[in-house]
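[1] here is a sequence together with a model predicted from it:
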Amino acid sequence: MTATRRLAAILAADVAGYSRLIGADEGGTLQALKAIRAELIDPTIAEHRGRLVKTTGDGLLVEFSSVVDALRCATQVQAGMAERNTAVPADKRIEFRIGINVGDIVVEDGDIFGDGVNIAARLEALAEPGGICVSARVQEDAAGKLDLGFEDLGNQALKNIARPVRAYRVATGAVSAEAQETPALALPDKPSVAVLPFTNMSADPEQEFFADGIAEDVITALSRYPSLFVIARNSCFTYKGRAVDVKTIGRELGVRYVLEGSLRKSGSRIRVTAQLVEAETSKHVWAERYDRDLADIFAVQDEITTAVAIAIAPAIAYAERHRAMRMLPENIDAWAAYQRGLWHLGADDEVLAQRLFQKAIDLDPNFAGGYTGLAYALNRAEGRRGLSDPRDVELARRAVELDANDAEARVCLGFMLLWKGDFAGALAESETALALSPNLASAHGFMGSVLNWSNQHQKGRAALEESIRLDPRSPDLARRLNAITVSYYLSGDYEAAIEAANRTIRSYPNRENDYRWLAAALGQVGRIDEAKKALEEAIAIAPASFNRYVRTRVPWHRPEHHVHMLEGLRKAGWEG
């Protein structure tokens, strides 16, 4: 049959928690679904002139020629399901999520395809159990024609959809009974996470204590991160043994992220899985599996706890930055402005970063992040010109005044002090930051740099390597790798410096710093031809930067360090 195209309203629906329902009572669930189809769904689709395209085990796809018909059908189905569920226990209720989109579709052999269909399916995943989520096109077409309210969810990045899609939640009143009973809590002004009790999937009931211990320890570890809002153990453990949708948990606890996991024991081996989910969209942000030998159960618990905790904070930071970049400018808040500023700072756009950090301060003068971000942006911009802006220290001090226990503010202040050549002050701030937040990657990275310039090279490299392990996707990764190269060079291990510099250059081939130190190290070991090439590359990439670092001594280089670098560069052929 020849494929044809047409514009249509597409309704996608599926059963929330289908796997759980089937696992608990397969026969009863399938029988109930059959009755729902026959008594409610099929007649409602026919009444509103829809065409049932296909069904899956837990879902269905329907085509309508009218947005109004699609929305009327969806609201009638959800109202009917809410009525049917009034006398059904919460853990046995069948509740649908529905997504509706309008778009161009391809029709072939009775089935339908295309982005219009895919977007409807992704919108369905955004909906609450018992709720409806629609695209902006649907909201626009239905406005004034139906007595429905629409809640703007903003632009959404949908899986396998190239462009952001503006989404709306339909206020039908037909959301799940559990959602109605508990009003949503307002989200905190920083990333928020709840750690659920890990599920014991093994036949050994003693492993229940092990599973609980991991969750409790992860909560404790995450609580040390100043950038996170972490729900306390007592509230998280109220969900123990309950099958509750993550969207409901996010609404009830007022969190954006939920960490859930499971534990399975087999002989002397144990497998722990963990996954971090964005509550509102059910999107998986991070997942990992840990297989370990149970020779020392407490050591295994500590190891897994540490691994999970150090992975989550960077994963949340990465997700938050991308979420902030999707927000519309008119909806931006202080936290989103700060996150956008960090993104642009990482992209070396200090001018736009400064404007965003200043906006964060204007929106919330008591938010320390705005001040630290602006301090970094000013410092980076002035540093490119070989200047020093006194405001960066003032801004960092203001951040510490606002929250003396903010480890990230301490790192910022220490960095600004190091930039001014205050090694003792920088070291003191880095030590305070690590005491406040032992797993903060930026604190370890900064400590490594301070130790390097304080001639404690081995300790400096260890701190830098710990920083990279804690945050392997950091926007500062290139700088930390370069600091390891510098550490080897300053300690006189030139072969190790060459190897480290080449390793960094393979990943970051356009940074003058790495070629400069590579040239110096090659010069020290007499590999002059290679040294000259590296020197030429350093000058060609950024002549102004090369001159700034070579012809004048920057404040954080001790005099002997600058002399040491020049010695290697002159051996490489530099004649300045």
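    Received the coordinates, thanks.
[2] which residues touch Phe113?
    105-106 (C-beta atoms under 8 Å, 6 or more residues apart in numbering). Where C-beta positions appear, they are placed from N, C-alpha and C, glycine not excepted.
[3] what's across from it in the sheet?
    In this structure, Phe113 bridges to Val106 when assessed by DSSP bridges.
[4] measure it to Ile10 for me?
    The gap separating Phe113 from Ile10 is 11 Å, by C-beta to C-beta, to the nearest Å.
[5] pull up the overlap in contacts between the two.
    Ile105.
[6] give me the distance from stretch 467-475 to the chain's centre.
    Its chain's average C-alpha position is 13 Å from that of stretch 467-475, according to C-alpha atoms, centre = their mean, to the nearest Å.
[7] helix or strand with the lowest mean pLDDT in this structure?
    helix 177-181 (a mean of 42; mean pLDDT, DSSP states H and E).
[8] can you pull out the residues in contact with the following helix or strand past that helix?
    The first helix or strand that comes after helix 177-181 along the chain, using DSSP states H and E, is strand 192-195. Residues outside strand 192-195 that contact it (C-beta under 8 Å, 6+ apart) are 215, 218-219, 222, 228-231, 235-236, 249-250, 253-259, 276, 312, 316.
[9] among these, name the buried ones.
    215, 218-219, 222, 228-231, 236, 249-250, 253-259, 276, 312, 316 (16 or more other C-beta atoms under 10 Å).
[10] and whichever strand or helix holds Leu481, what does it pack onto?
    Using DSSP H and E, Leu481 falls within helix 477-490. With contacts defined as 3 or more C-beta pairs under 8 Å, 6 or more residues apart in numbering; DSSP states H and E, the packing partners of helix 477-490 are helix 441-453, helix 457-470, helix 494-507, helix 512-524, helix 559-571.
[11] nearest approach to Val411 belongs to which of these?
    helix 441-453 (5.0 Å; C-beta to C-beta).
[12] now the closest one: buried residues?
    Result for helix 441-453 [16+ other C-beta under 10 Å]: buried residues 441-453.
[13] can you check stretch 197-208 too?
    197-200, 202, 207-208.
[14] endpoints of that stretch, how far apart?
    10 Å (C-alpha to C-alpha, to the nearest Å).
[15] nearest residue to Arg72 other than its sequence neighbours?
    His48 (5.4 Å; C-beta to C-beta, 6 or more residues apart in numbering).
[16] likewise Asn405?
    Leu436 (5.7 Å).
[17] ok, now which ones touch that neighbour?
    224, 226, 405-407, 410.
[18] what do you get for Ile316?
    So Ile316 contacts 191, 193, 228, 257, 276, 285 (C-beta under 8 Å, 6+ apart).
[19] which of the helices or strands spans it?
    helix 297-326.
[20] for Gln275, list the residues it contacts.
    Gln275 touches 259-261, 284, 286-288, counting by C-beta under 8 Å, 6+ apart.
[21] most neighbours of all those, which one?
    Leu259 (28 neighbours; other C-beta atoms under 10 Å).
[22] what's the helix or strand where it lies in contact with?
    Following DSSP H and E, one finds Leu259 within strand 257-266. If you take C-beta under 8 Å, 6+ apart as the criterion, strand 257-266 is touched by 191-196, 198-202, 204, 207, 210-211, 214-215, 218, 246, 249-250, 270-279, 285, 294, 308, 312, 316, 319.
[23] one more time with 7 Å
    191-196, 198-202, 204, 207, 210-211, 218, 246, 249-250, 270-279, 285, 312, 316 (C-beta atoms under 7 Å, 6 or more residues apart in numbering).
[24] centre-most residue in the protein?
    Nearest to the geometric centre of the chain sits Ala319, at 2.1 Å (C-alpha atoms, centre = their mean).
[25] grab the nearest non-local neighbour of it.
    Val285 (4.8 Å).
[26] can you get me a residue count around that neighbour?
    For Val285, using other C-beta under 10 Å, the count is 20.
[27] quick one: it and Ala313, what's the gap?
    Val285 is 12 Å from Ala313, by C-beta to C-beta.
[28] kindly report the same for Arg271.
    Taking C-beta to C-beta, one finds Arg271 at 24 Å from Ala313.
[29] the two: which is more packed in?
    Ala313 (23 against 15).
[30] so where is this structure shaky, pLDDT-wise?
    1-2, 162, 172-185, 203, 206, 243, 322-332, 385-388, 473 (pLDDT under 70).
[31] show me it divided up by domain.
    4-181, 192-307, 422-467, 479-576 (automatic domain parsing).
[32] all set now, cheers.
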